[in-house]
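Undergrad: no letters, just coordinates:
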C-alpha cells in the first residue's frame, strides 16, 4: 500500500469520525447519541477507499478482520460500562481496552488467521 | 438542533479517528489485511469522547453514552457481516447497505430496549455494584 493511500485513509477516516460525531451530537437522549460512538465511520471510509484504490476483492479480508474486531468492540463497551461506574470515564474506558484485546485478539488467533 | 460543536473536541475526535485509520492501514500493509481489519472496529475515540462528556456533563451522561455504544457495537457487527456478504457483487452499494444495516440494528435495538423497559433492567444490573 502506498504511503499516499495510507495518509489519505487517515485523513478521510478522521473526517468521517468528525462527521458521525456531529450527527450523534444532534441526537438525544445521551443514550441514543451513544449509538454513534460505535458508528462504522473509520471502517466506512477505509473500506470505500480500498474499493476505489484496489477493487472489491481487496476489501474482503479487511471486512473479515472487522467482524472479529466488532466482537471485541461489544466486549469493550460492556466492560467500560462497569468500569466507568467504578473508576470514572478516562481510566474506565482505557482499562476496558484490555477487553477488546482479549476478545478480538483471542478470536483472531483462534479462528481468524 | 445541533449542539454547538467545540473545535477542540472535534479536533480530538479527528486525531483519534485518523490515528486508528492509520494504524489499520499500516497493520494491514505489514501483517495482512485481516489483521488490519481488526482495528476498523477498535474503540479509539471512545475514551476521549467519554472523558469529555464526563467533564462537561457528568458521569451519568458519560455512562448513558457508553450504554448506547453497546447497541452501536452490535450494529457494527451487523455492518461487517453485511459488507462481507455483499462486497463481491457491488462494493459501493454493499457499503451503503452495510451502513443501513448498522443503523437498523443499532436503532432497532435502541427502540426495543426503550419500549420494553430493558434499559431500566440493564441500568439496575450494571449499577448494582456502586
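TA: Received the coordinates, thanks. Nothing here was measured: the structure is a model prediction, and the numbers come from that model.
Undergrad: which helix or which strand is home to the residue lying farthest from the centre of chain A?
TA: Most distant from the centre of chain A: residue A:86, at 24.2 Å, with distances by Cα atoms, centre = their mean. Take DSSP states H and E as the rule and residue A:86 turns out to sit in helix A:56-87.
Undergrad: following the chain past that helix, name the next helix or strand.
TA: By DSSP H and E, the next helix or strand past helix A:56-87 is helix A:89-95.
Undergrad: does the helix or strand containing residue B:63 reach chain A?
TA: Element membership of residue B:63 [criterion: DSSP H and E] is helix B:59-86. Yes: residues of helix B:59-86 contacting chain A under Cβ under 8 Å from any Cβ of the partner chain: B:59, B:61-77, B:79-81, B:83-84. Bear in mind the C-beta positions are built from the backbone N, C-alpha and C, glycine included.
Undergrad: where does chain A dip in pLDDT?
TA: A:1, A:28, A:112 (pLDDT under 70).
Undergrad: domain ranges for it?
TA: As recorded under automatic domain parsing, the domains making up chain A are A:1-54, A:56-113.
Undergrad: do a quick rundown of the helices in chain B.
TA: Counting by DSSP state H, chain B has helices at residues B:7-31, B:33-38, B:46-57, B:59-86, B:91-116, B:118-127.
Undergrad: I figured residue A:72 hits residue A:96, correct?
TA: No: with contacts defined as Cβ atoms under 8 Å, residue A:72 does not count as touching residue A:96, sitting 10.4 Å away.
Undergrad: how much space between residue A:100 and residue B:48?
TA: 15 Å (Cβ to Cβ, to the nearest Å).
Undergrad: neighbour count: those two, which is higher?
TA: Legend: neighbour count by other Cβ atoms under 10 Å in any protein chain shown for residue A:100 and residue B:48, higher for residue A:100 (25 against 19).
Undergrad: secondary structure element for the more buried one?
TA: helix A:97-107.
Undergrad: buried residues of that helix, list them for me.
TA: Within helix A:97-107, the residues that count as buried by 16 or more other Cβ atoms under 10 Å in any protein chain shown are A:97, A:99-100, A:103-104, A:107.
Undergrad: and the residue lying closest to residue A:27 once chain neighbours are set aside, how many neighbours?
TA: Nearest-residue entry for residue A:27: residue A:33, 4.1 Å, with adjacent residues in sequence omitted and distances by Cβ to Cβ, 6 or more residues apart in numbering or on different chains. If you count neighbours by other Cβ under 10 Å, residue A:33 ends up with 23.
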